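In: Any chance you could fold what I've pasted below:
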Amino acid sequence: VMGLDPVEMTQEFVDVKSVSRGSNVEISDLVELRMKECGLEVERLTYLDENDELKVSLVGVKGESKGEDGIAFLSHTDTVPGQEQDWDAFHGVVEGERLFGRGSCDMKGPLACTMIAAAHVDASILKKPLVIVATADEEVGGGGAHQVAEESRIINKICPKYGVIAEPTSLTPVYAHKGAAHVVVTANGRAAHTSTGLGESANFKIAPFLAEMAVLAEAIRNDERYMNHEFDPPSNGFNMVITDYETKQNVSAARSTCHVCFRTMPEDRSDELVDILVSKARNYGFDVTTSISRPFYSDPSSPIVQLASEVTGGKTPQTVPYGTDAPHFREKLEMVVLGPGSIEQAHTVGEYVEISQLYEAVDIYSRMIHKICL
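Out: Sure, this is the predicted structure:
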């Protein structure tokens with residue numbers, strides 16, 4: 001087991017296509033096999049997503065009999081689409097000091113590092129259990145993380161005290177990140193050729209609401225109630241996109257949809273803002289749906305954040321504007337986000353991870369395991 005190499009394992013994982021819209025069974029089968037080779041006992045959780053694709057999340061454990069507490073390292077196996085027309089996305093290639101491929105940094109490389117760090121620990125000397133998690137669907141709403149938090153026998157029996165979300169942070173500890181709120185507003189009209197005079201344009205119906213959004217966006221941009229200065233930028237990125245579903249110019253739109261989204265932050269007034277948007281839309285009689293994903297916040301002085309700072313050579317904990325699976329586990333674990341690779345590479349054509357960061361991550365995770373579990 002000591003010969004396990006994070007570059008080889010990352011390449012192997014990258015070579016298996018696991019875009020969120022499809023099933024992740026193939027990558028999960030491979031990860032489960034490697035987890036077992038790393039000395040982990042593996043629990044498998046499954047569900048069917050909204051498109052009836054089978055999704056698998058894995059929870060591996062070493063030292064389950066060692067009582068409660070311990071540490072969990074959490075990653076996901078799905079990726080965003082590969083943009084394959086522009087590069088060979090699903091083939092892990094080493095060029096110089098970098099490993100290229102979709103998921104190399106977000107986040108098959110980090111997952112491999114957590115597993116190899118676990119492999120380096122002899123289960124017989126553990127004083128507290130060690131857990132490795134690989135979830136489905138992080139990129140599309142976190143269904144896997146939600147199921148693991150609710151249903152995993154291992155997580156809920158062992159109750160790990162600490163959690164490390166291994167998302168790419170350039171190996172800088174992250175103690176908080178933003179979430180997201182979505183409000184979808186639809187106006188309904190009646191389609192007809194404009195020559196008949198029988199149509200009713202949904203676009204004209206929704207226009208006054210859009211005008212209200214334009215005024216609101218300007219007000220929110222400078223409103224301290226919707227800011228948090230621990231983040232860069234401190235604002236919530238209030239945004240709106242609209243569609244009339246490619247209605248032709250000589251037809252009245254049967255349907256017009258406005259999608260408003262903004263980033264939620266700790267201690268902000270996101271719920272209040274969602275209520276304002278819903279109220280304005282309902283005043284016009286429009287259809288409204290909402291969804292909200294919570295931000296993540298861990299006290300920068302908490303033991304796990306301080307440990308992450310210590311094992312990274314005293315790096316100052318930061319905040320980031322992007323999201324992770326962390327909010328799904330906030331009732332269960334004291335967490336920090338810490339992983340190899342730069343988020344600037346995630347979701348890009350030519351995504352890569354610095355090879356030196358993969359080796360460094362194995363070392364950092366190993367030191368965290370030693371500190372907490374030995």
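In: hang on, residue 233 packs against residue 321?
Out: Yes - counting by Cβ atoms under 8 Å, residue 233 does reach residue 321; the two are 7.4 Å apart. C-beta coordinates here come from the backbone N, C-alpha and C atoms, glycine included.
In: Tell me which of these two has more neighbours.
Out: residue 321 (14 against 11; other Cβ atoms under 10 Å).
In: Look up the closest residue to the more buried one, ignoring the ones flanking it.
Out: Among residues not flanking residue 321 along the chain, residue 178 sits closest, at 5.2 Å (Cβ to Cβ, 6 or more residues apart in numbering).
In: check contacts around the one you found.
Out: 231, 236, 263, 264, 265, 295, 320, 321, 322, 323 (Cβ atoms under 8 Å, 6 or more residues apart in numbering).
In: State the phi and psi torsions of it.
Out: With angles defined as degrees, to the nearest 10, residue 178 sits at phi -80, psi 160.
In: what's the spacing between it and residue 126?
Out: Residue 178 is 35 Å from residue 126, where distance means Cβ to Cβ, to the nearest Å.
In: Then residue 74?
Out: 19 Å.
In: These two - which one has more neighbours?
Out: Taking neighbours as other Cβ under 10 Å, residue 74 and residue 126 compare with residue 74 leading, 32 against 18.
In: The more buried one contacts residue 160, correct?
Out: No - Residue 74 is beyond contact range of residue 160, at 9.9 Å (criterion: Cβ under 8 Å).
In: Pull up the distance across stretch 239-254, start to finish.
Out: 24 Å (Cα to Cα, to the nearest Å).
In: now swap in stretch 333-345 and tell me
Out: Start-to-end, stretch 333-345 (Cα to Cα) is 28 Å.
In: Secondary structure class of residue 235, three-state.
Out: Using DSSP: H, G, I helix; E, B strand; the rest coil, the three-state assignment for residue 235 comes out as coil.
In: got a list of what it touches?
Out: 220, 221, 226, 227.
In: swap in residue 202?
Out: Residue 202 touches 187, 188, 189, 244, 252, 253, 254, 255, 256, counting by Cβ under 8 Å, 6+ apart.
In: and the contacts of residue 178, which of them are in strands?
Out: Among the contacts of residue 178, the members falling in strands are residue 320 (criterion: DSSP state E).
In: Drop anything exposed from the contacts of residue 178.
Out: In these, burial by neighbour count holds for 231, 236, 263, 264, 265, 295, 320, 322, 323, counting by 16 or more other Cβ atoms under 10 Å.
In: quick one: which two of the residues you listed are the most distant?
Out: 236 and 320 (14.6 Å; Cβ to Cβ).
In: and residue 297, how far is that from residue 103?
Out: Remark: distance between residue 297 and residue 103 (Cβ to Cβ) = 27 Å.
In: same thing with residue 177?
Out: Distance from residue 177 to residue 103, by Cβ to Cβ: 20 Å.
In: Same check on residue 65?
Out: 34 Å.
In: which of those two has more neighbours?
Out: Between residue 65 and residue 103, counting by other Cβ under 10 Å, residue 103 is the more crowded of the two (31 against 9).
In: Now the more buried one. Nearest residue, chain neighbours left out?
Out: Excluding the flanking residues, the one nearest residue 103 by Cβ to Cβ, 6+ apart is residue 79, at 4.1 Å.
In: quick one: contacts for the residue nearest to the spatial centre of the chain?
Out: Geometric centre of the chain, nearest residue: residue 324, 3.2 Å, by Cα atoms, centre = their mean. Residues near residue 324 by Cβ under 8 Å, 6+ apart: 138, 165, 167, 177, 296, 337.
In: Show me the strands in the stretch 101-250 of the chain, by range?
Out: 130-135, 162-165, 174-177, 180-188, 239-243 (DSSP state E, counting those that start in this stretch).
In: I'd like these as JSON lines, with distance to residue 310, mean pLDDT and mean neighbour count appended.
Out: JSON lines is the format used below for the strands of the stretch 101-250 of the chain (distance: least, Cβ to Cβ, whole Å; pLDDT from 0 to 100; neighbours: other Cβ atoms under 10 Å):
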{"stretch": "strand 130-135", "distance to residue 310": "19", "mean pLDDT": "98", "mean neighbour count": "29"}
{"stretch": "strand 162-165", "distance to residue 310": "13", "mean pLDDT": "98", "mean neighbour count": "27"}
{"stretch": "strand 174-177", "distance to residue 310": "14", "mean pLDDT": "97", "mean neighbour count": "25"}
{"stretch": "strand 180-188", "distance to residue 310": "32", "mean pLDDT": "97", "mean neighbour count": "20"}
{"stretch": "strand 239-243", "distance to residue 310": "38", "mean pLDDT": "98", "mean neighbour count": "13"}
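In: Many thanks, have a good one.
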